[in-house]
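Participant: Provide a 3D model corresponding to the input given below.
(2 chains)
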Number of protein chains: 2
Amino acid sequence: MKVTEGGVTAAKGFEAAGVEAGVKYQNRKDMALLYSRAPCRAAGTFTGNLVKAAPVKWDRELVENSPFVQAVVVNSGIANACTGEQGMECCRAEAARAGELLGIPEHAVLVASTGVIGMQMPLDRVCAGIEKLAAEKNPSLEAGHDAARAIMTTDTVPKEIAVEFELGGRTVTLGGMCKGSGMIHPNMCTMLGFLTTDANISKEMLSRALKADVKDSFNMISVDGDTSTNDTLLLLANGLAGNREITGEGEDYDRFCEALRYVTVYLAKKMAGDGEGATALFACQVVGAASKEDARVLARSVICSSLSKAAIFGHDANFGRFLCALGYSGAVFDPENVDLYFESANGRLHIYGAGCALDYSEEEATAILSAPEVTVLADLHMGDGEATAWGCDLSYDYVKINADYRS
Amino acid sequence: MKVTEGGVTAAKGFEAAGVEAGVKYQNRKDMALLYSRAPCRAAGTFTGNLVKAAPVKWDRELVENSPFVQAVVVNSGIANACTGEQGMECCRAEAARAGELLGIPEHAVLVASTGVIGMQMPLDRVCAGIEKLAAEKNPSLEAGHDAARAIMTTDTVPKEIAVEFELGGRTVTLGGMCKGSGMIHPNMCTMLGFLTTDANISKEMLSRALKADVKDSFNMISVDGDTSTNDTLLLLANGLAGNREITGEGEDYDRFCEALRYVTVYLAKKMAGDGEGATALFACQVVGAASKEDARVLARSVICSSLSKAAIFGHDANFGRFLCALGYSGAVFDPENVDLYFESANGRLHIYGAGCALDYSEEEATAILSAPEVTVLADLHMGDGEATAWGCDLSYDYVKINADYRS
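Facilitator: Residues are numbered from 1 along each chain as shown, chains lettered A, B, ... in the order given. Below you'll find the model as predicted:
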């Protein structure tokens, strides 16, 4: 497997576009189109929030019941959430207009929205945007990049990646893009993410691969503990790589899952590190837990803790906060038998063990915590459960961005 | 029942003191003593965090097994948490020294600490502080006030209250004080709180009253979602009011519980409103929920949401965030059948209903959200479950306070 150029247009047969439609933002790209020349099998995971945005309802229905999908229309600026029947009508109109222009059925068009909750979509501007998108779509890497830019809200950088790997002598490509910066918290998946592949894989195995994957990728990140109403992760496979169809477990499926994991963890970490106001990517790695699930729960508890996040922002070796967050996670362990370490490009430090602080250097600790990527490692000495969760620090800018997001 | 002057020394037979001991802070009171002339029955609730500070372990043992208690020694600055066997030894030494000076057994002395986790206590300074406290303790309201000041950490105001009520012709007094500003999140109880009463009440009924009470008072507040390692709420009753002993349910027990609720809700709200960096008390009232427990879960979810808290700080009527937080709470309801209102001293506004935003005035909404106490009211139209939770907004100062708390 190797990392290659591009994002959602890297795989064979996929095209994209990103345009300025003025949905809510002015003078920036705010609508994107993903299109596959061949019909795709689709898998998706969606928000666990009871309050689901209209596009989430639309996509869930299609991913489950549509014989194939072939396009995704995305907008930023307005979330089309808490918008009642009018919001559903908007999804239907978007899919109908895109289907008409692309020559595919309405039920082959997925839609996704991100932005302010509770505001109705300006359907005329959205439809005008779809017309532009249909005219401009193309298979270039630049087109994929435009799409990745168009779906950003408070994100500061676009997030995309692609990898290549071999399946039975055929080169298969898997690429993806995502957006997400605030209202990010593990629950199914917590962002908009779009993955495309030319792999030939059955719908059942595609879905199984995605559901297994998010447990250790997108479900292991948090920016602020708020699970959004719009979380959507879609994985489209058009089969154009020509590999023998993956219809069950085995070496091919494992290779596909490995590539998927690489892409999703890359994107998930990108999202956590670009959390609203973040100055650092803040990871917590738990080893020696009683089970894998315990390790996940413990790691997530630490990266979700406001006080831990603030300590990272302050480069402050206040290790009690990390231990405290492990303690209220709900997972059982012996606090007297935990080792805590700080790790970054600037070094590694053993800071707590045998129930007490070790005699560490504050200076050294501060230096380690001042790196752009910081890891807190906890060894519980109980079993072989391991997991890593990713978040970011809590800064003044998080408050600034969110105290007046709508204006 | 009427509110009277004072705090922990308002009830008959209770004395207090607050002194400068230099445990960690300089030039401010940082140790407090509570003392009862008569032996007390005690009830307590403690942190649900697996990582428990040494004083929590000490107090749990005493509240369960000691025949009576008669004093509490408290310090701020250092939490005596994650301090291993040395931390437990410190509790024992504190209780022994205080018992010696006060002429009571070691097992009649509770201890409590709050401050930085992971640092060992300076036992010599702590014992010198205990000597000062024993010399200065007295029953004046001022002494109670000194104690309330001494237990503060990042609190900006001391928190105390007392009420009087009648039981069988006798005047009974119940008073209390608490501290808490950060690392505040509902789980058993999340702060240091000390309640004193001269009521004559059996240990069993005292404990039952306290456990029932915290569900709707201290367990319904959150500042930052972090459950501390030191949470301790103690209720001491010395019986000096001379009422007939409360040994079961009935009118007297109900009156006692009513007074207890008044005192605990007052203190809990004070704590939430004085949350680190807070500029407003942020309440969420849920009515029409399927059950009382659902209402609690829903109300807590809203006041814990970083995005909701940031919207309150920004006086921004971004109602989707409140609805979103209801949606991921875990409680089931129909998002299409929710009414949301904003309420404060500046007015009341119906903002969302029937699945859509209502046609409200942004100006009016901003005015309502600019008050120092703001309530988001959600009516779910399902049953008669009602609950209120209290938190605070998320401001720049929360980050500032916590990015470098230790220095």
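Participant: Show me the beta-bridge partners of the closest residue to A:Cys178 other than its chain neighbours.
Facilitator: By the measure of C-beta to C-beta, 6 or more residues apart in numbering or on different chains, the closest residue to A:Cys178 outside its immediate chain neighbours is A:Gly193, 3.7 Å from it. C-beta here means a position set from N, CA and C on the backbone, and glycine is covered the same way. On the basis of DSSP bridges, A:Gly193 is bridged to A:Cys178, A:Leu233.
Participant: Does chain B have contacts with the top helix by length along chain A?
Facilitator: Longest helix of chain A, by residue count under DSSP state H: helix A:251-273. No: judged by C-beta under 8 Å from any C-beta of the partner chain, helix A:251-273 makes no contact with chain B; its nearest approach is 14.9 Å.
Participant: which other helices and strands contact that helix?
Facilitator: Counting contacts by 3 or more C-beta pairs under 8 Å, 6 or more residues apart in numbering or on different chains; DSSP states H and E, helix A:251-273 is packed against strand A:159-167, strand A:170-179, strand A:192-197, helix A:203-214, strand A:281-289, strand A:385-392.
Participant: CA atoms only: put the fifth one into CSV for me.
Facilitator: What follows is strand A:281-289 as a C-alpha-only set of coordinates in CSV (Å, rounded to 0.1, in the frame of the first residue of the first chain):
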residue,chain,number,x,y,z
LEU,A,281,-3.3,17.5,18.2
PHE,A,282,-3.8,15.8,21.6
ALA,A,283,-3.7,12.0,21.5
CYS,A,284,-4.3,9.5,24.3
GLN,A,285,-3.0,6.0,23.9
VAL,A,286,-4.1,3.4,26.4
VAL,A,287,-2.3,0.1,26.7
GLY,A,288,-2.6,-2.8,29.1
ALA,A,289,-6.4,-2.4,29.5
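Participant: and that strand, which strands flank it?
Facilitator: strand A:373-379 (parallel), strand A:385-392 (antiparallel).
Participant: Centre of the chain to it, how far?
Facilitator: Taking C-alpha atoms, centre = their mean, to the nearest Å, one finds strand A:281-289 lying 19 Å from the centre of the chain it belongs to.
Participant: Okay, angle between it and helix A:251-273 too, please.
Facilitator: Strand A:281-289 runs at 130 degrees relative to helix A:251-273, counting by axes from the mean of the first three to the mean of the last three C-alpha atoms, to 10 degrees.
Participant: now do the shortest one
Facilitator: Angle between the axes of strand A:192-197 and helix A:251-273 is 150 degrees (criterion: the same axes, to 10 degrees).
Participant: Please work out which residues outside strand A:192-197 touch it.
Facilitator: Under the contact criterion C-beta atoms under 8 Å, 6 or more residues apart in numbering or on different chains, strand A:192-197 has outside partners A:8-11, A:14, A:34, A:36, A:72, A:74, A:112, A:114, A:151, A:172-180, A:218, A:230-238, A:241, A:256, A:260, A:263-264, A:267.
Participant: same thing with the first one?
Facilitator: Outside of strand A:159-167, the residues that reach it under the criterion C-beta under 8 Å, 6+ apart are A:1-8, A:10-11, A:144-145, A:148, A:171-179, A:199, A:241, A:243-244, A:246, A:252, A:255-256, A:258-259, A:262-263, A:266-267, A:270-271, A:274.
Participant: circling back: in the longest helix of chain A, what counts as buried?
Facilitator: Of all the residues in helix A:251-273, those buried under the rule 16 or more other C-beta atoms under 10 Å in any protein chain shown are A:252-253, A:255-257, A:259-260, A:262-273.
Participant: How about the contacts made by A:Met1?
Facilitator: A:Met1 touches A:163-165, A:255, A:258-259, A:262, counting by C-beta under 8 Å, 6+ apart.
Participant: Local confidence estimate at the closest residue to it other than its chain neighbours?
Facilitator: In this structure, A:Met1 finds its nearest non-sequential neighbour in A:Phe165, 4.1 Å apart by C-beta to C-beta, 6+ apart. Note on A:Phe165: pLDDT of 92.
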